[in-house]
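Student: Have a look at this prediction, sequence included:
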Protein chains: 2
Amino acid sequence: MMAKKETPQSRLRELGEELAKDVKKGKNPTIEFGLRSLSNVVYDEKSRVLNLGEKTQTRSFFNVGHAKKFLQTLEIAKISKTLLDVDKHASLRDVFYMAKRTIPQSSINIVDEQVESDKALEDLEMITEFSREQLNINANKMGSVAGEVTIEDAGDTINWAKLGSGGWSIPSNVENIKFKSMNAKYIIYMEKQAVWERLHEDKFWKKQNCIIVTSQGQTTRGIRRLLGRMSNEFKLPIYVLADNDPWGYYIYSVMKFGSISLAHMTDTLAIPNAKFLGVTTNDIEQYGLKKHLIKFKDVDFTRLKQISEYDWFKNNKGWQKEFKAMKQNGAKVEIQSLSSRGITFISDTYLPEKIKKKEFLD
Amino acid sequence: MMAKKETPQSRLRELGEELAKDVKKGKNPTIEFGLRSLSNVVYDEKSRVLNLGEKTQTRSFFNVGHAKKFLQTLEIAKISKTLLDVDKHASLRDVFYMAKRTIPQSSINIVDEQVESDKALEDLEMITEFSREQLNINANKMGSVAGEVTIEDAGDTINWAKLGSGGWSIPSNVENIKFKSMNAKYIIYMEKQAVWERLHEDKFWKKQNCIIVTSQGQTTRGIRRLLGRMSNEFKLPIYVLADNDPWGYYIYSVMKFGSISLAHMTDTLAIPNAKFLGVTTNDIEQYGLKKHLIKFKDVDFTRLKQISEYDWFKNNKGWQKEFKAMKQNGAKVEIQSLSSRGITFISDTYLPEKIKKKEFLD
């Protein structure tokens, strides 16, 4: 999505006015927007991210196959407009309950399952070219951050270096954060809260002049946007620290290249500056983690194969070498196995060494 | 656990010295501690919490059935002692990897699975009468808090009222937090982050002079300790806000009465000041949520029956009435269905009304 002069509110008003015009003219109210399906997802070799192609779809009111989806899309547009008007945010689940109402003079609900309101919202993102977050609708809140950064958010000035052992709790929507000062050379993102607490207790961010960010498991959109904004606005590299297994690689893949289901959001969600820091298969030998290998199950082999065949990996020599090494190993290791080398081994040795030697997979 | 003059470090040293004495005397090194099993868990009608009974168990080195567990317990004691000595914390997973080493001159690992090191640590809690957190070992970090409270933690002074839309990220270990100022009449704990973001955006804690706390799903020990400490040290009631279903009730049950597996920790983990605020079955009628009933599956009926038969619920008239009403309904509702009544209905109407009328289940 590109920078726009419009606001989400004016775009929604415009959408309503266009449809009202159709109605007044006696025309079938119709919306046209990009097709969101695998057949229209393209990997762009140059920019190295996933994007939507040129195919479009239409949705019109007088069409038996479209009528309900058309209505759902407009209902979500209405809810978003209301949220923007009163300057409030709602979660996906809230929006579902707001939309779950009976169509007057019928016994039919506008939506019956959350998947319907979620889909309608994704369509609305396509139609308006504004992200869900800009439409004041949030997903789950998750994760913590620390570093020498001062932000302004919701009227407060917050110094991420002065928040004790907890750090700042990352909100689900980070669009309105203003960065007031930024003193960091890079950002480390880790999938595990416990690893974050390790680095935080060791004041790693202070010693290494970086920012540390975590969620738990798969990265939420709020966190991806926060990382993306910092990476973009301050040209900071992002180093991803995950388990040495296909699922850890996938966390990196989604973060760097975008995902198929959110290909229409690549501009705001993909982080081309991301690099995979570890744990790599080579680290297992290098850092004495052989004892902690966990044997692959079938599902791990299958997932590894799938990932190694992704368009964005298949011509990448470094990654192909890594996939091959992992397959040969037939085993994975967890980040936290580094603890077997000593409490602060990860902060004192592993990370500084890897970063100094620039041992990244890109 | 009672207040002790000892520190965790001195207690661990003492434990080592006692065992060394046994060895020097040519005696079989033996540890005696409370039996942790259902047969030794008692519900105390007076204090209304779960406690351990009087039964004890011993663990000795020269006993084929005990030897490995004995060794594991001492290994964990050693790791904890090291952590305390260098003033660092580690997660349960870290401790597992630290303990997973080969016994010299053998091919046997001290532990092979995390469940072994976790169990040994629970035993060490019993033996030393210090909690895992006091032994510098943490579980997962999760959750956020906001309110007019100022704390000191890890050298920083943190005002929970000035942290933007994110709030303070609750660490896994809250034992060393110092409360510097506290301006709140009660605490609301909710299982859902999205509900917390709703209340936070509405500045509910400011308008109602309270503290809002959330995790995601089951409450972590860190959060239970934080709630417990605030409830204890400032005599604040805790209101639990969860889905109207057996799992929501169980969140309340664990928080208020303690849990079977952690009965030895009841003194530090149970929060007798907790009350269930909602969503109750009565609220469904009262607040027009009938449209959003989700039919029970067999597993829901089974869980409801189990919970209704707990010692701490079975003679409680209010709760028995509630269980009966829910069974009759044969359905549950989610907190977020309140959004169908309006974006800020929960903040403006539902919660203030319920709290004013003191509609709690206790």
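Tutor: Yep, it's here.

Student: for chain B, what are the nearby residues on the stretch 1-150 of chain A?
Tutor: Taking C-beta under 8 Å from any C-beta of the partner chain as the measure of proximity, the stretch 1-150 of chain A contacts chain B at A:82-83, A:86, A:88-91, A:93-95, A:97-98, A:100-102, A:138, A:140-144. C-betas here are computed from N, CA, C, even on glycine.

Student: Please list only the buried members of those.
Tutor: Neighbour-count burial (16 or more other C-beta atoms under 10 Å in any protein chain shown) is assigned, among those, to A:82-83, A:88-91, A:93-95, A:97-98, A:100, A:138, A:140-144.

Student: Among the residues you listed, name the ones in strands.
Tutor: Helix and strand membership here follows DSSP state E; of these, those in strands are A:90, A:91, A:138, A:144.

Student: Now the third one: closest residue in space, sequence neighbours ignored.
Tutor: By the measure of C-beta to C-beta, 6 or more residues apart in numbering or on different chains, the closest residue to residue A:138 outside its immediate chain neighbours is residue A:172, 3.7 Å from it.

Student: pLDDT value on the closest residue to residue A:79 other than its chain neighbours, please?
Tutor: If you skip the residues right next to it in sequence, residue A:79 has residue A:98 as its closest partner in space, 5.1 Å away by C-beta to C-beta, 6+ apart. In the predicted model, residue A:98 carries a pLDDT score of 93.

Student: again with the one 3 residues further on
Tutor: Here the pLDDT value assigned to residue A:101 is 90.

Student: residue ranges with poor pLDDT in the stretch 151-300 of chain A?
Tutor: Applying pLDDT under 70 to the stretch 151-300 of chain A flags residues A:217.

Student: and with 50 instead?
Tutor: In the predicted model of the stretch 151-300 of chain A, no residue satisfies pLDDT under 50.

Student: Around chain B, pick out the residues from it.
Tutor: Remark: the part of the stretch 151-300 of chain A in contact with chain B comprises A:151-158, A:162-173, A:176-177, A:193-194, A:196-198, A:201-202, A:216, A:291-292, using C-beta under 8 Å from any C-beta.

Student: Quick check: PyMOL command selecting the buried ones in the residues you listed.
Tutor: Selection of the buried residues among these in PyMOL, burial being defined by 16+ other C-beta under 10 Å:
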select buried, chain A and resi 151+153+154+158+163+164+165+166+167+168+169+170+171+172+173+177+193+194+196+197+198+201+202+216+292
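
Student: Next step: the residues of the stretch 151-300 of chain A next to chain B restricted to strands.
Tutor: If you go by DSSP E, these have A:151, A:152, A:153, A:156, A:157, A:158, A:168, A:169 in strands.

Student: what sits against the third one?
Tutor: In this structure, residue A:153 makes contact with A:171, A:176, A:177, A:178, B:164, B:165, B:166, judged by C-beta atoms under 8 Å, 6 or more residues apart in numbering or on different chains.

Student: Now do the first one against residue B:42, distance only.
Tutor: Spelled out, that is residue A:171. According to C-beta to C-beta, to the nearest Å, residue A:171 stands 44 Å off from residue B:42.

Student: now the fifth one
Tutor: Applying C-beta to C-beta, the value for residue B:164 to residue B:42 is 46 Å.

Student: just to revisit the earlier point, can I get the ones in strands among the buried ones among the residues of the stretch 1-150 of chain A next to chain B in CSV with distance to residue B:328 and pLDDT?
Tutor: Written out in CSV, the entries for these read as follows (distance: C-beta to C-beta, whole Å; pLDDT from 0 to 100):
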residue, distance to residue B:328, pLDDT
A:90, 32, 92
A:91, 30, 91
A:138, 36, 88
A:144, 43, 95
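
Student: farthest-separated two in these?
Tutor: Largest separation among those by C-beta to C-beta: A:90 and A:144, giving 23.5 Å.

Student: coming back round to it: and the contacts of residue A:153 as a markdown table, adding distance to residue B:297?
Tutor: Below are these laid out as a markdown table (distance: C-beta to C-beta, whole Å):
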| residue | distance to residue B:297 |
| --- | --- |
| A:171 | 34 |
| A:176 | 41 |
| A:177 | 41 |
| A:178 | 47 |
| B:164 | 40 |
| B:165 | 36 |
| B:166 | 36 |
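
Student: Send me the longest helix along chain A as PDB with only the CA atoms.
Tutor: Longest among the helix segments of chain A by residue count, using DSSP state H, is helix A:67-86. Once non-C-alpha atoms are left out, helix A:67-86 reads as follows in PDB (Å, rounded to 0.1, in the frame of the first residue of the first chain):
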ATOM      1  CA  ALA A  67     -25.200 -10.700  -1.900                       C
ATOM      2  CA  LYS A  68     -24.200 -11.900   1.600                       C
ATOM      3  CA  LYS A  69     -20.500 -11.200   1.200                       C
ATOM      4  CA  PHE A  70     -21.400  -7.800  -0.200                       C
ATOM      5  CA  LEU A  71     -23.600  -7.100   2.900                       C
ATOM      6  CA  GLN A  72     -20.900  -8.400   5.200                       C
ATOM      7  CA  THR A  73     -18.200  -6.100   3.700                       C
ATOM      8  CA  LEU A  74     -20.500  -3.100   4.000                       C
ATOM      9  CA  GLU A  75     -21.300  -4.000   7.600                       C
ATOM     10  CA  ILE A  76     -17.600  -4.200   8.500                       C
ATOM     11  CA  ALA A  77     -17.100  -0.900   6.700                       C
ATOM     12  CA  LYS A  78     -19.900   0.700   8.800                       C
ATOM     13  CA  ILE A  79     -18.400  -0.700  12.100                       C
ATOM     14  CA  SER A  80     -14.900   0.600  11.100                       C
ATOM     15  CA  LYS A  81     -16.400   4.000  10.200                       C
ATOM     16  CA  THR A  82     -18.100   4.200  13.600                       C
ATOM     17  CA  LEU A  83     -14.900   3.200  15.400                       C
ATOM     18  CA  LEU A  84     -12.900   5.900  13.500                       C
ATOM     19  CA  ASP A  85     -15.700   8.500  14.200                       C
ATOM     20  CA  VAL A  86     -15.600   7.900  18.000                       C
END
